[in-house]
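Undergrad: generate coordinates for the sequence data below:
(2 chains)
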Number of protein chains: 2
Amino acid sequence: MKLNVVKIGGNVIEHEERLAVFLKAFAELEGLKILVHGGGKEASLMAEKLNIPVKMIDGRRCTDADTLTVITMLYAGKINKNIVAKLQALQCNAMGMSGADANLILSKKRTSKPIDFGWVGDIASVDSAAIRTLLENLKITPVFCALTHDGSGQLLNTNADSIAAALAVSMANFFTVELWYCFEQNGVLKNRENPDSIIEKIDFNTYQNLKNEHLITDGMIPKLDNCFHAIDQNVHAVHIGSLEMLQGATVHTTIISNL
Amino acid sequence: MKLNVVKIGGNVIEHEERLAVFLKAFAELEGLKILVHGGGKEASLMAEKLNIPVKMIDGRRCTDADTLTVITMLYAGKINKNIVAKLQALQCNAMGMSGADANLILSKKRTSKPIDFGWVGDIASVDSAAIRTLLENLKITPVFCALTHDGSGQLLNTNADSIAAALAVSMANFFTVELWYCFEQNGVLKNRENPDSIIEKIDFNTYQNLKNEHLITDGMIPKLDNCFHAIDQNVHAVHIGSLEMLQGATVHTTIISNL
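TA: Numbers count the residues shown, from 1 in each chain, chains lettered A, B, ... in the order given. A predicted model of the protein is given here:
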């Protein structure tokens, strides 16, 4: 059976109309599915309103206790529950959750050396059997926010891309999984100046060549490394593109094992 | 099979130590259980910090859109997820949810006449079959916050006592349900000046007599009316008392059908 794992980021969540378009397309996706959402800039705006200073170490944001509270309020509260209510209105039986809920995603707090990122977790395990029961027996569409826990009572801020990848990999034991990363571009571009220069299919060899030719650089490298890690762990395909790609009409990038 | 539905309010949630004591006792409760929590004063404090004015109509608080957002952040986000993470650390397989999640509790927005309370919902239906599957098949302890939805995409602020009662009543189709209201007193008092004057057992006849003698008045009447409504709908017993009553040692009030 097929399972789609879809990740959306701040660029979708922050715009009411885009979110509505996305949720309609997501609700219409046939078969089993899981949604993973990040939070975007709302957390920073809320922290500012509450006079919680943004703590940066070596240019990277640190999740101190107050920031974690803001993230928990926004990600698990406002954003997650509004997405759930909207999906329910679209006849999609959504259920919102964090990794703490039903102990579905257990993480380990990132070590504080060399950089102390604060209450940030790296995923240790996913309870794929419980998620399978939610999907198949309860006909539920899980909606995960970017929070996990350490099993000792501590919530941990966890990268939404990583949650989506970990879910896809763990569920590949039971299903033919496709992982969808909706982001601000239409796909991986051959020429960053040209938004239409989308590379439609990338396998591992193509990826090495593109890196050697310096056509893929910077932030795209960890993203694609993640994708290939998922492919190596039996995820059937990874799609990268705009939120419209779910509707099937838009050209986007597909990462596969072998062309 | 027995099911305990336990409701805690702000007086427990707002005090870290009391909450820890309560959660330990709750986690140790044997068998199937559901937790329902309110929010307490934190929502008002957060609204104040965010400069959201408290809107009162005829002396009653109105849930406008901004207030609903604050409630969603605090109840479904901060409070719910922290309780879940803490229960997980106590080996209780908690899963946090609102009524919108998996469409478990559907409400109807309260009519705006004679008083417009804003985004407040009165419970219309509970999906007891889905909750039963969560309890029995997934071995989950649901943790409900005081939010439901209207099925059309709108979250609704919903009284936590009412959610606990509606859950207890609907689950009485499958289980022998006991409903526990943890509040700031040790039980229903015969003499409000004396915290030890706890009435240990009240049936419907006793209740009528106590009302006639004006020993039960004011806010306790709607609370007890709710309790007797639950009893009428086949809830086995309703307990009212301090958070320590779950540990079994404390005298409290039990509402039953007939003495």
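Undergrad: relative to residue A:19, how far out is the residue in chain A positioned nearest to chain B?
TA: At 2.4 Å from chain B, residue A:77 is the closest residue in chain A, using CB to the nearest CB. (Each C-beta comes from the backbone N, C-alpha and C, glycine too.) Distance, residue A:77 to residue A:19, using CB to CB, to the nearest Å: 16 Å.
Undergrad: the two - which one has more neighbours?
TA: Taking other CB atoms under 10 Å in any protein chain shown, residue A:77 and residue A:19 do not tie; residue A:77 has more neighbours (29 against 19).
Undergrad: backbone dihedrals for that one, both of them.
TA: Taking degrees, to the nearest 10, you get phi -90, psi -90 for the backbone angles of residue A:77.
Undergrad: so who does it touch?
TA: By CB atoms under 8 Å, 6 or more residues apart in numbering or on different chains, residue A:77 lies in contact with B:72, B:73, B:74, B:75, B:76, B:77, B:78, B:80.
Undergrad: could you rerun that using 10 Å?
TA: Residue A:77 sits next to A:71, A:96, A:145, B:69-81, B:98, B:145, B:147 when contact means CB atoms under 10 Å, 6 or more residues apart in numbering or on different chains.
Undergrad: where does the stretch 101-250 of chain A dip in pLDDT?
TA: A:249 (pLDDT under 70).
Undergrad: what residues does it have near chain B?
TA: A:101-104, A:106, A:127, A:129-130, A:133-134, A:137-143, A:145, A:147-156 (CB under 10 Å from any CB of the partner chain).
Undergrad: redo that, cut-off 7 Å
TA: Contacts of the stretch 101-250 of chain A with chain B, taken as CB under 7 Å from any CB of the partner chain, map to A:101-103, A:130, A:133, A:137-138, A:140, A:147, A:149, A:151-155.
Undergrad: of those, keep whichever come out buried.
TA: Neighbour-count burial (16 or more other CB atoms under 10 Å in any protein chain shown) is assigned, among these, to A:101-103, A:130, A:133, A:138, A:140, A:147, A:149, A:151, A:153-155.
Undergrad: how about residue A:105, nearest residue that isn't a chain neighbour?
TA: residue A:99 (2.9 Å; CB to CB, 6 or more residues apart in numbering or on different chains).
Undergrad: which parts of the stretch 151-259 of chain A are helices?
TA: A:160-171, A:204-212, A:220-232 (DSSP state H, counting those that start in this stretch).
Undergrad: neighbours of residue A:32, how many?
TA: Neighbours of residue A:32 using other CB under 10 Å come to 22.
Undergrad: give me the number of residues near residue A:226?
TA: The number of residues packed near residue A:226 is 20, by other CB under 10 Å.
Undergrad: same question for residue A:206.
TA: 16.
Undergrad: distance of it from residue A:254?
TA: Distance of residue A:206 to residue A:254, computed by CB to CB: 11 Å.
Undergrad: repeat that for residue A:39.
TA: Distance of residue A:39 to residue A:254, given as CB to CB: 27 Å.
Undergrad: looking at these two, which is more packed in?
TA: Neighbour count, other CB under 10 Å: between residue A:39 and residue A:254, residue A:39 has more, with 25 against 20.
Undergrad: picking that back up, point out the most buried one among the helices of the stretch 151-259 of chain A.
TA: Ranked by mean neighbour count, the helices of the stretch 151-259 of chain A are led by helix A:160-171 with a mean of 24 (mean count of other CB atoms under 10 Å in any protein chain shown).
Undergrad: so what's residue A:46 up against?
TA: Contact analysis of residue A:46 by CB atoms under 7 Å, 6 or more residues apart in numbering or on different chains lists A:70, A:74.
Undergrad: may I have the phi/psi pair for it?
TA: The phi/psi pair for residue A:46 (degrees, to the nearest 10) reads phi -70, psi -40.
Undergrad: residue B:133 is in contact with residue A:137, correct?
TA: Yes. Applying CB atoms under 7 Å, one finds residue A:137 in contact with residue B:133, separated by 6.5 Å.
Undergrad: for stretch A:241-251, measure first residue to last.
TA: The first and final residues of stretch A:241-251 sit 8 Å from each other (CA to CA, to the nearest Å).
Undergrad: one more: stretch A:188-203?
TA: End-to-end distance of stretch A:188-203 (CA to CA): 13 Å.
Undergrad: what residues does it touch?
TA: By CB under 7 Å, 6+ apart, the surrounding residues in contact with stretch A:188-203 are A:185-187, A:215-216, A:220, A:240, A:251-259.
Undergrad: just the buried members of those residues?
TA: Buried members of the contacts of stretch A:188-203, counted by 16+ other CB under 10 Å: A:185, A:186, A:187, A:215, A:216, A:220, A:240, A:252, A:253, A:254, A:255, A:256.
Undergrad: could you dump those to a markdown table with distance to residue B:60?
TA: A markdown table is the format used below for those (distance: CB to CB, whole Å):
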| residue | distance to residue B:60 |
| --- | --- |
| A:185 | 50 |
| A:186 | 51 |
| A:187 | 53 |
| A:215 | 63 |
| A:216 | 60 |
| A:220 | 54 |
| A:240 | 51 |
| A:252 | 52 |
| A:253 | 55 |
| A:254 | 56 |
| A:255 | 56 |
| A:256 | 60 |
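Undergrad: those residues in strands, which ones?
TA: Using DSSP state E, A:240, A:253, A:254, A:255 are the members of these that sit in strands.
Undergrad: now the residues you listed in TSV, with distance to residue B:25?
TA: Shown next, in TSV, are those (distance: CB to CB, whole Å):
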residue	distance to residue B:25
A:240	49
A:253	53
A:254	53
A:255	50
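Undergrad: coming back round to it: wait, which of the helices of the stretch 151-259 of chain A is closest to residue B:11?
TA: For the helices of the stretch 151-259 of chain A, the distance to residue B:11 is smallest for helix A:160-171, at 35.3 Å, taking CB to CB.
Undergrad: now the angle between helix A:220-232 and that closest one, please.
TA: Computed with axes from the mean of the first three to the mean of the last three CA atoms, to 10 degrees, the direction of helix A:160-171 lies at 10 degrees from that of helix A:220-232.
Undergrad: contact partners of helix A:160-171?
TA: For helix A:160-171, the surrounding residues in contact (CB under 7 Å, 6+ apart) are A:3, A:5, A:7, A:9, A:34, A:36-38, A:105, A:123, A:126, A:128, A:131, A:144, A:146, A:177, A:179, A:181, A:223, A:226, A:229-230, A:233, A:235.
Undergrad: which of those are buried?
TA: Listed as buried from the contacts of helix A:160-171 are A:3, A:5, A:7, A:9, A:34, A:36-38, A:105, A:123, A:126, A:128, A:131, A:144, A:146, A:177, A:179, A:181, A:223, A:226, A:230, A:235; burial here means 16+ other CB under 10 Å.
Undergrad: so which of the residues you listed sit within strands?
TA: Counting by DSSP E, the part of the buried ones among the contacts of helix A:160-171 found in strands is A:3, A:5, A:7, A:34, A:36-37, A:105, A:123, A:126, A:144, A:177, A:179, A:181.
Undergrad: name the residues linked to the residue nearest to residue A:252 when sequence neighbours are not counted by a beta bridge.
TA: Nearest non-adjacent residue to residue A:252, counting by CB to CB, 6+ apart: residue A:241, 2.7 Å away. Bridge pairing for residue A:241 (DSSP bridges) gives the partners residue A:182.
Undergrad: pretty sure residue A:241 contacts residue A:247?
TA: No. Residue A:241 lies out of contact with residue A:247 (CB under 7 Å); the separation is 10.7 Å.
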